[in-house]
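Visitor: Need the 3D shape of this:
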Amino acid sequence: MADNKRIDSRRMGEMEEGKLLLSLAMPIMLSMLVQALYNIVDSIYVSRVSENCLSALSLAFPAQNIMIGLGTGTGVGVSTLISRALGRRDTASANRVSGNAVFLAFCCWALMALFGIFGADAFIHSQTDIEDIRMHADSYLRIVTIGSLFMYLQMCVEKLLQSTGLTRLSMWTQMFGAVTNIILDPFFIFGWCGLPALGTAGAAIATVLGQAAGMGLGFCLHRRYNREIRIGREDLRPDLRIIKGVYRIGFPSVVMMVVGSATNYMMNRILIGFTPTAVAVYGSYFKIQSFFFMPVFGLNSGMIPIIGYNYGACRKDRIYRTFRYGVLYASFFMLLGFLMFQLMPDKLLGIFSPSEHMLSIGVPALRRISISFLFAGFCIVAGAVCQALDHSAASLAVSVLRQLVALIPAAWLLSRTGDVNMVWWSFPIAEIMSLIASAFFLRSAFRHMERVLSGNLPEPAEP
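Guide: Below is the predicted model of the structure:
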């Protein structure tokens, strides 16, 4: 074990920064691309049923995103507490945190199931009065929320695997769930092999079954290979101290997802005032852009421990070089996305079986929105650097500024022109404001780092 730690230290402190960043980020990037595939499959199949079905998924997405954000934030807190306990060689505490993670998975499910039963229809109705879209969106949202127990348990077991370094096994659970969803989708959506054609409800059923498959494989891998965590019956007893610790760490992640969901909800309301097709375009854009943004988020996950390690080691030269490589790699992905959105927007939208009306709105939409990609890479990397340098509140502040202070007001004002194509300019406007704020907070974080490493402030506390 000691030899492995020395190897990791030498790697984090001595390996060339660009190579190190890619070596840490590539598995995470692959996992996130799988997640992006998972998210887009339902929309591709459902678009072949009708455009209203595609719009229905877009209207359900904000609530579904909150559902995912609740699990993600809980998982961030759980994995952090487990890692700290294992670092202290306190397996009893790690087991108690793991048991409480299972308990919290059931709590999250109960909360979302209640929303699905009693609030889904009102949520969809608040966005549209078109009966056909409401029916499809309501059925989809009810099923994915009531069946979300499998998703929360899958996310829970993934964190148990990741916390003990078994990241490849965690990736396999995601891939297995995604492949299961892809295979089952046409059977339930189109009614293959004698099954009823259920449309959006079928997509929801396939999603839930895919999550159940991923959960099942995850727990099998955990029981077989995860020797460091063994959950006993007594560990499942809720511990308020542990639960508070989980959400003290994970709450900012939940808030950021809620902010994103609120933004999507308000954009849906603005766009549907023009035509449901604009909502379908917006939902399609979100699915496509994830293939360019997800690798950048994976890059961030690889960059944060490098910067954190070298912060503790007082190696500011390596921090600056890692940041520059991060911006370089992120800008590559964003430039690739920009070029594809500019040169072939009709081909990208083509995977959703668009009507001519959808293409007439969607082609200029993708071209205008993608201008924001030119600034987004720097903003995302700057947020990760701030997190690694103990300025995580800056990331939350930039997210709120970009989405609620800039994007939505700009979209609303531009919608007053009566031209839906003007609304898409709100994305570049918001990203430019995000760029200015990100540069400000990044400069502040670097200045604070310089003072700490020069001895003018106390060194960063150990986690």
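Visitor: hey, let's count contacts and neighbours off CA atoms from now on
Guide: Fine.
Visitor: for residue 149, what are its contacts?
Guide: 105, 106, 108, 109 (C-alpha atoms under 8 Å, 6 or more residues apart in numbering).
Visitor: scratch that, residue 443
Guide: For residue 443, no contacting residues are found, by C-alpha under 8 Å, 6+ apart.
Visitor: in what helix or strand does it lie?
Guide: Per DSSP states H and E, residue 443 falls inside helix 426-453.
Visitor: I'd like the distance from that helix to the chain centre, please.
Guide: Relative to its parent chain, helix 426-453 has a centroid offset of 22 Å by C-alpha atoms, centre = their mean, to the nearest Å.
Visitor: And stretch 320-330, by the same measure?
Guide: With C-alpha atoms, centre = their mean, you get 21 Å for stretch 320-330.
Visitor: Alpha carbons only: can I get it in CSV?
Guide: What follows is stretch 320-330, C-alpha atoms only, in CSV (Å, rounded to 0.1, in the frame of the first residue of the first chain):
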residue,chain,number,x,y,z
TYR,A,320,-0.7,27.1,-13.5
ARG,A,321,0.5,24.6,-16.2
THR,A,322,-2.4,22.2,-15.3
PHE,A,323,-4.8,25.1,-15.7
ARG,A,324,-3.4,26.0,-19.1
TYR,A,325,-3.6,22.4,-20.3
GLY,A,326,-7.2,22.3,-19.0
VAL,A,327,-8.2,25.4,-21.0
LEU,A,328,-6.4,24.0,-24.1
TYR,A,329,-8.2,20.6,-24.0
ALA,A,330,-11.6,22.1,-23.1
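Visitor: Any chance you could list what contacts that stretch?
Guide: Identification of contacts with stretch 320-330 by C-alpha under 8 Å, 6+ apart yields 17-18, 21, 296, 299-300, 303, 306-307, 377-378, 381, 385.
Visitor: can we see that at 6 Å?
Guide: For stretch 320-330, the external contacting residues (C-alpha atoms under 6 Å, 6 or more residues apart in numbering) are 17, 18, 296, 377, 378.
Visitor: Any buried residues in the helix holding residue 443, and which?
Guide: By neighbour count on 16 or more other C-alpha atoms under 10 Å, the buried set for helix 426-453 is 426-435, 437-438, 441-442, 445-446, 448-449, 452-453.
Visitor: Can you report how many residues lie near residue 107?
Guide: 14 (other C-alpha atoms under 10 Å).
Visitor: Now do the strand or helix carrying it: which elements does it pack against?
Guide: Element membership of residue 107 [criterion: DSSP H and E] is helix 91-118. Here helix 91-118 touches helix 131-146, helix 149-163, going by 3 or more C-alpha pairs under 6 Å, 6 or more residues apart in numbering; DSSP states H and E.
Visitor: State the distance from residue 427 to residue 402.
Guide: Distance, residue 427 to residue 402, by C-alpha to C-alpha, to the nearest Å: 9 Å.
Visitor: swap in residue 36?
Guide: The spacing between residue 36 and residue 402, counted by C-alpha to C-alpha, is 23 Å.
Visitor: overlap in contacts of residue 427 and residue 402?
Guide: Residues touching both residue 427 and residue 402 by C-alpha under 6 Å, 6+ apart: none at all.
Visitor: Any regions of the stretch 151-300 of the chain where pLDDT drops low?
Guide: Within the stretch 151-300 of the chain, the stretches with pLDDT under 70 are 165, 167.
Visitor: what about 90?
Guide: Applying pLDDT under 90 to the stretch 151-300 of the chain flags residues 158-175, 178-179, 182, 194, 223-236, 238-239, 245-260, 286-287, 290-291, 294-300.
Visitor: how about the helices in it?
Guide: In the stretch 151-300 of the chain, the helices defined using DSSP state H, counting those that start in this stretch lie at 167-189, 200-225, 240-272, 276-312.
Visitor: I'd like those helices as TSV, with distance to residue 138 appended.
Guide: Below are the helices of the stretch 151-300 of the chain laid out as TSV (distance: least, C-alpha to C-alpha, whole Å):
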stretch	distance to residue 138
helix 167-189	16
helix 200-225	9
helix 240-272	15
helix 276-312	16
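Visitor: do you know which of the ones you listed lies nearest residue 131?
Guide: Between residue 131 and the helices of the stretch 151-300 of the chain, the shortest gap by C-alpha to C-alpha is with helix 276-312, which sits at 11.9 Å.
Visitor: buried stuff in the helix or strand just after that closest one?
Guide: Note on helix 276-312: by DSSP H and E, the next helix or strand toward the C-terminus is helix 316-343. Neighbour-count burial for helix 316-343, counted by 16+ other C-alpha under 10 Å, picks out 316, 318-319, 322-327, 329-335, 337-338, 340-342.
Visitor: what separates helix 316-343 from the chain centre, distance-wise?
Guide: The gap between where helix 316-343 is centred and where its chain is centred comes out at 19 Å by C-alpha atoms, centre = their mean.
Visitor: what's the angle between that helix and helix 276-312?
Guide: Per axes from the mean of the first three to the mean of the last three C-alpha atoms, to 10 degrees, the angle that helix 316-343 makes with helix 276-312 is 170 degrees.
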